[in-house]
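In: Predicted model and sequence follow; I will ask about them next.
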There are 4 protein chains.
Amino acid sequence: MADPRFKGVIPPVVVPLDENRQLDLEALDRSINRMIDAGVDGLFFLGSSGEVAFLTDAQRYHVLQEGVAMVRGRVPVFAGIIDLETLRVIDQAKRAAAYGVDALVATAPFYALGGPRETERHFRAIRESTDLPLFAYDLPVCVHTKLDPTMLVRLGRDGVLQGVKDSSGDDIQFRWLVLENEDAGHPLTLLTGHEVVVDGAYLSGADGSVPGLGNVDPASYVEQWRAYQAGDWKRVKEIQDRLARLMSITRRVQATVGFGAGVGAFKTALWQMGVFNTNQMREPVQPLVGDDVAEIVAVLKEAGLIDENAAIRE
Amino acid sequence: MADPRFKGVIPPVVVPLDENRQLDLEALDRSINRMIDAGVDGLFFLGSSGEVAFLTDAQRYHVLQEGVAMVRGRVPVFAGIIDLETLRVIDQAKRAAAYGVDALVATAPFYALGGPRETERHFRAIRESTDLPLFAYDLPVCVHTKLDPTMLVRLGRDGVLQGVKDSSGDDIQFRWLVLENEDAGHPLTLLTGHEVVVDGAYLSGADGSVPGLGNVDPASYVEQWRAYQAGDWKRVKEIQDRLARLMSITRRVQATVGFGAGVGAFKTALWQMGVFNTNQMREPVQPLVGDDVAEIVAVLKEAGLIDENAAIRE
Amino acid sequence: MADPRFKGVIPPVVVPLDENRQLDLEALDRSINRMIDAGVDGLFFLGSSGEVAFLTDAQRYHVLQEGVAMVRGRVPVFAGIIDLETLRVIDQAKRAAAYGVDALVATAPFYALGGPRETERHFRAIRESTDLPLFAYDLPVCVHTKLDPTMLVRLGRDGVLQGVKDSSGDDIQFRWLVLENEDAGHPLTLLTGHEVVVDGAYLSGADGSVPGLGNVDPASYVEQWRAYQAGDWKRVKEIQDRLARLMSITRRVQATVGFGAGVGAFKTALWQMGVFNTNQMREPVQPLVGDDVAEIVAVLKEAGLIDENAAIRE
Amino acid sequence: MADPRFKGVIPPVVVPLDENRQLDLEALDRSINRMIDAGVDGLFFLGSSGEVAFLTDAQRYHVLQEGVAMVRGRVPVFAGIIDLETLRVIDQAKRAAAYGVDALVATAPFYALGGPRETERHFRAIRESTDLPLFAYDLPVCVHTKLDPTMLVRLGRDGVLQGVKDSSGDDIQFRWLVLENEDAGHPLTLLTGHEVVVDGAYLSGADGSVPGLGNVDPASYVEQWRAYQAGDWKRVKEIQDRLARLMSITRRVQATVGFGAGVGAFKTALWQMGVFNTNQMREPVQPLVGDDVAEIVAVLKEAGLIDENAAIRE
């Protein structure tokens, strides 16, 4: 029942800035083409890694307009419609739809406290306002609500949701989600957002992945997906081990925590690899400097993503 | 050092809707006048109780435009500029400023994970974008970051912040905030957001309160403030006990939890008291019905806010 | 209805160790006498501040045996019976009772996950096993369950509980607890465990306090209690401000967090004041050293608890 | 480097009670033999599923004495030494060692608040007191501290720890633990405690599993382990799907939450399957009844663990 267009490796697009912290279109185009050329199956704009929380509405829709144009229909485009509560999310949905995206991605409502009644009604109300495929984004670390598998599958069966991007970090509930979805005839496309254990999610039955680290090494995630399709679990795991080691670029950061360390490391890697022109971040986050950059470069060299003899870019 | 205009009882304005869930201007005007006539010292629009999370930008600024006009300068107007991260909050600040408000109220950044570096930079960046007095809104239950007293006082000394609305539920850290603020020459106006223990906050040294329940019984909060100014602690406590009992309108709700129970109970009380015309809520929250309404009416009758023989409005 | 013996200032006894990390009876006797001479109304052994979590059973009952003997019936003795789940707590209750204590103090069950059914049954099962007065210890920071005021008052009315030591940090729920207890005829003695805002708890209607900082400055807490009994709120607050400033001995610690900073600071203060002979801690906690000690001494000098010209003890 | 005896399927032993809530030796012997006959590689007594939190010390060591005797050296015996802080855990270690167990399992210290310094010192202090192999039990849901992979591997390299039982629910950090352990020469035996995604843990590189559900269906976990050893990932996953469905016995419980639902469901299943004579639980937990039992039986019939036509035992 799930839409066959939505599957495989769908990186959340990390957005490059220039020295003045403005959108760097040249670098964005380069990064998008690099991922599509590597064989990714979709691109997700305005996700957490895409700085959706940090962008004004004008900046969000600038990214979307340019991103859709750069993709040129080669792969499906997902757009995050991230805002606090239902009416604000519906506003985002209407605007995003106008840019010709292929699917929308919404979290549970956040900020105001609610319960399961409000969460379920939230997704139903969004569905009443749009005809686009809708993915629930399960992201308790940001929105502080875990989406219940049984509710998700019910919303799938009712045509409210077409998929789930699971970034919950809860592999047990993801397994239940997969099994309940299967029992219901697979109405939902199930994507994992955890770049470090994509292999385990595939073994659980995921239909694809949304790896932030896929901006840095898209080819490995694509190769892993193909090995999974071929049933070559030994290779799936080997690639995952490589990618889990590469993910240590985010673990070595000392200057800060959270987004500034995570996406900060991705941007720094892409900058050092020559894909981005800077590692600038949006306020209030500051770019990584000094030892943090050096540590990231060391990991990239171990992974073969930067030449062993290359100097650190400044 | 703190601005003498900002003190006393400053209720967060609960916003009435009509049967179609549209802003009910007649009821809003009635409720605002009722609070000002009772002697409140300010009004806070677009706070959590003011449904800020649930309103589109257009709806937010409709409330602000009408609210400022209805207040007619009789008391200072505070405006919440609640959004995810810094640039979005600055956008809200610029728009709110255009409506002639007297002060802005911003939370810590939320959604994306960060640390103390990002939180402090966030407030400094907002200050760089506006000349209006700025209050930090300490609301960990919604934004999942507790603001550190020492950081707040540093921002006060540096002219970044002019005050704090403390809804942290942490009376120990509030005491430290008061003492550090005093040692620094009182740069910050310190307001408590906890309607149930305003007396304790006054004893700690608060400069005022922002009680959501003040929409329901503004006169009692005003009388309590005046008793505090007169040093009559016995009376301050008696009134608080009355108000803490009245707050049980929010505790008896069975249908849901969080905002729908809390502000849902305030709206239901105001509706049953004839101040509001309905108890409608914004999506995805549903209005209270049935036994929940009956329980609230029972509490209001005990408190003398509804006549003992009055029928339940339907 | 509540037992009139249980009221006022009841410090949790901090336990001195010698250089070999063994119980220092001489210092314990000195500290106990110092608190009783200052006029405290009871002493609480084997509480969190009394290292109950760190002591083997043999060490626990050594403290209790010596402590009861040193108190010599001058004030009531409370004993913590802290263990994981019900049967283990009942075991502790039986042993503690054998030492002639006046009341027992038990937390909610912890470690295993449960819900309100298990929490309520836990206290009822303890009551079935002992005739001693039983206090519920509301300590969510340690046991990760918040005790519901309505349940506590129901257990009070049923004769299961005789009191509550509230260390929940939730002044709103404490207010509700006080009001529900009052409506039920005051079956429970309500004690606050928060040394920094005892004044607010008294204003809410607390029957007494259990301040860890009372080991360091018992005279001030006793004077505050008497001012409260006399209705002198101005003085109650002044003393609280002094004590809140004194509590900064725990806030200035850099070496560690939690118990090692909190009780570590109390022990260091008592050592520097000459009440204890060392500031030794139980495994795995290490005693404070260096700058942390110097910071504590500076606070004690400001508070007049150490002579301005005294050298730091080593 | 890791001890080759410790690997494979090592169920935590669920303990049967008779109608008087006393240890049921006959049923315990039956259950132990059933698991060993199915081919398990070890048994873990006094874990969370083994009611360690609910047993007095006398009851704990009764279980251990009988359990070791019943096992008769056929497989290695692990013993939980679960208590609050270090000295209490060392006391448990000394007692457990006297019963001839093969390895000890200790959590991070709990109840008192601490930081990483205290956690690391805790394990080092335990090591100083015993020569037995020591496993760290990573169980943040119970002890509210997540063990850091880097610290664990450091303790492995230093000979402090010989293994980890990971019940953290954090598959990302488990992956890092596996990789860091591999880089260090594999000093630690790494066991997963998550019965629902054992396949994913094996793919990550786990050395074995500690599945509570293994009491109910040991043969499937053993078959899964052997399929993993043979590299047959398709079969590993198929069996996991079966077991994940079987685990829904814990998800259908309505009467309570946590341990009472989880281990309560295991006991109810074993009772209905004729392995246990009752489904009695320790205070304050109550056994499942009525619809909860019927739901569990329905799942067991679907799984073929109870005959389709069997009546519900009462």
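Out: Happy to help now that I have it.
In: phi, psi of the residue of the stretch 1-150 of chain A found nearest chain D?
Out: Residue nearest to chain D within the stretch 1-150 of chain A: residue A:150 (8.9 Å; CB to the nearest CB). From N, CA and C alone the C-beta is placed, and that goes for glycine too. Backbone dihedrals for residue A:150, given as degrees, to the nearest 10, come out at phi -60, psi -40.
In: same thing with the one 4 residues further on?
Out: Residue A:154 adopts backbone torsions of phi -60, psi -40, taken as degrees, to the nearest 10.
In: for residue A:284, same thing?
Out: Dihedral angles of residue A:284 (phi, psi; degrees, to the nearest 10) stand at phi -90, psi 10.
In: again, but for residue A:49
Out: Phi and psi for residue A:49, reported as degrees, to the nearest 10, are phi -70, psi -20.
In: How about residues contacting the helix or strand harbouring residue A:301?
Out: With elements taken from DSSP states H and E, the one containing residue A:301 is helix A:291-302. The contact list for helix A:291-302, computed with CB atoms under 8 Å, 6 or more residues apart in numbering or on different chains, reads A:245-246, A:248-249, A:252-255, A:264-265, A:268-269, A:272-273, A:279, A:288, A:306-308, A:310, A:312.
In: I figured residue A:81 hits residue A:89, correct?
Out: Yes. Using CB atoms under 8 Å, residue A:81 and residue A:89 qualify as a contacting pair, with a distance of 5.5 Å.
In: Between those two, which contacts overlap?
Out: Between them, residue A:81 and residue A:89 share these contacting residues under CB under 8 Å, 6+ apart: A:106, A:126.
In: Among these two, which residue is more densely surrounded?
Out: Comparing residue A:81 with residue A:89 by other CB atoms under 10 Å in any protein chain shown, the one with more neighbours is residue A:81, at 28 against 25.
In: Who's the closest spatial neighbour of the more buried one, skipping the chain neighbours?
Out: Setting aside the residues directly before and after it, residue A:81 is nearest to residue A:92 in space (CB to CB, 6 or more residues apart in numbering or on different chains), at 3.8 Å.
In: In terms of pLDDT, where does the residue of the stretch 1-150 of chain A closest to chain D sit?
Out: Per-residue confidence (pLDDT) for residue A:150: 98.
In: that older thread, please list only the buried members of the contacts of helix A:291-302.
Out: A:245-246, A:248-249, A:253, A:255, A:264-265, A:268-269, A:272-273, A:279, A:288, A:306 (16 or more other CB atoms under 10 Å in any protein chain shown).
In: Which members of the residues you listed additionally contact chain B?
Out: Among the buried ones among the contacts of helix A:291-302, the residues within reach of chain B (CB under 8 Å from any CB of the partner chain) are residue A:255.
In: Point out the least confident member of the buried ones among the contacts of helix A:291-302, please.
Out: Across the buried ones among the contacts of helix A:291-302, the bottom pLDDT score, 93, is held by residue A:255.
In: what's near enough to touch that one?
Out: Contacts of residue A:255 (CB under 8 Å, 6+ apart): A:261, A:286, A:288-289, A:292, B:117.
In: In the stretch 201-314 of chain A, what residue spans correspond to strands?
Out: Counting by DSSP state E, counting those that start in this stretch, the segments of the stretch 201-314 of chain A that form strands are A:208-209.
In: returning to what we had before: now, among the buried ones among the contacts of helix A:291-302, which is nearest to chain B?
Out: If you rank those by distance to chain B using CB to the nearest CB, residue A:255 comes first, at 7.8 Å.
In: And that closest one, how close does it get to residue A:287?
Out: Using CB to CB, to the nearest Å, one obtains 10 Å as the distance from residue A:255 to residue A:287.
In: Also residue A:261?
Out: 12 Å.
In: of these two, who's got more company?
Out: residue A:261 (22 against 18).
In: Next one: the more buried one, what pLDDT does it get?
Out: Value for residue A:261, per-residue pLDDT: 96.
In: Then residue A:120?
Out: pLDDT recorded at residue A:120 is 98.
In: So it: helix, strand or coil?
Out: Residue A:120 falls in the helix class when you classify it by DSSP: H, G, I helix; E, B strand; the rest coil.
In: Give the burial count for the residue lying closest to residue A:113 once chain neighbours are set aside, as a bare number.
Out: Nearest residue to residue A:113, sequence neighbours excluded (CB to CB, 6+ apart): residue B:258, at 2.9 Å. Residues contacting residue B:258 under the criterion other CB under 10 Å number 17.
In: Also residue A:280?
Out: By the other CB under 10 Å criterion, the neighbourhood of residue A:280 contains 20 residues.
In: What score does the nearest residue to it once chain neighbours are set aside have for pLDDT?
Out: Spatial nearest neighbour of residue A:280, chain neighbours left out: residue A:17 (4.0 Å); criterion: CB to CB, 6+ apart. Looking at residue A:17, its pLDDT is 98.
In: List the contacts of the residue sitting nearest the centre point of chain A.
Out: To find the centre residue of chain A, average its C-alpha atoms and take the closest one (CA atoms, centre = their mean): that gives residue A:12, at 3.2 Å. Residue A:12 sits next to A:44-45, A:47-50, A:193, A:210-212, A:214-215 when contact means CB under 8 Å, 6+ apart.
In: distance of it from residue A:263?
Out: Spatial separation of residue A:12 from residue A:263 under the definition CB to CB is 9 Å.
In: which residues are in contact with both of those two?
Out: In contact with both residue A:12 and residue A:263: A:48-49, A:212, using CB under 8 Å, 6+ apart.
In: want to try a markdown table for those, with pLDDT, distance to chain C and neighbour count as columns?
Out: Putting those into a markdown table (pLDDT from 0 to 100; distance: CB to the nearest CB, whole Å; neighbours: other CB atoms under 10 Å in any protein chain shown) gives the following:
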| residue | pLDDT | distance to chain C | neighbour count |
| --- | --- | --- | --- |
| A:48 | 94 | 28 | 26 |
| A:49 | 96 | 31 | 27 |
| A:212 | 98 | 31 | 25 |
